[in-house]
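Student: model the following, please.
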Amino acid sequence: MIIETIIEALKFILPAYCANAIPVIIGGGKPLDLGKNYKDGRRIFGENKTFRGFFSGLIIGSLVGIAENLFFGYPILFGFITSLGALTGDLVKSFFKRRIGLKPGKMLPVADQLDFVLGATLFSFLLMPPTLEVFITIIIITPPVHLITNFLAYLLKLKSHPF
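Tutor: Sure thing, here's the model as predicted:
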């Protein structure tokens, strides 16, 4: 029963995981905030949130969602909606990290691991919200998965910080 719930949780959150991860590989280029500062004098999102990263995450997450539609019968727009939610959640977190003076790439424990999950879950209510059991499982498994993948990205020299 636990294994089945973990599998359901991973299937549910996979487009968001992919949307969140792919900007590390494909990102770069023009920043989403166009280098502009907020009224507090700090960058809106920072240099690491780019158009290329955002749209590559949205495309890859959407493609994963299309595959899930074919294999699992998920709604066709599920990957797009949850990917958009994941990327939006990450942007909201980045906005607040800049407000408290954290530089891009600096860790904000818990928020860095769950921002995209909360955004994806919130947006999923438009099509197919998770069960409470699946949501709790996602919240439990995501921090270690996120930390492990960030460490691997660091080892592969895709990130400048391991966490």
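
Student: CA only for contacts and neighbour counts going forward, please
Tutor: OK.

Student: now do residue 131 against residue 38, distance only.
Tutor: Spatial separation of residue 131 from residue 38 under the definition C-alpha to C-alpha, to the nearest Å is 38 Å.

Student: and for residue 24, the neighbour number?
Tutor: Other residues lying near residue 24 total 17 when counted by other C-alpha atoms under 10 Å.

Student: enumerate the positions of the helix or strand containing it that are buried.
Tutor: Under the assignment given by DSSP states H and E, the secondary-structure element containing residue 24 is helix 2-26. Burial within helix 2-26, assessed by neighbour count using 16 or more other C-alpha atoms under 10 Å, is assigned to 5-6, 8-24.

Student: that one packs against which elements?
Tutor: When contacts are defined as 3 or more C-alpha pairs under 8 Å, 6 or more residues apart in numbering; DSSP states H and E, helix 2-26 sits against helix 51-72, helix 78-99, helix 111-124, helix 132-155.

Student: pick the most buried one from these.
Tutor: Relative to the other members of these, helix 78-99 carries the highest mean neighbour count by mean count of other C-alpha atoms under 10 Å, namely a mean of 24.

Student: off-centre distance for that helix?
Tutor: Using C-alpha atoms, centre = their mean, to the nearest Å, the distance from the centre of helix 78-99 to the centre of the chain it belongs to is 6 Å.

Student: could you do stretch 71-80 as well?
Tutor: Taking the mean of its C-alpha atoms, stretch 71-80 sits 17 Å from the chain's own mean (C-alpha atoms, centre = their mean).
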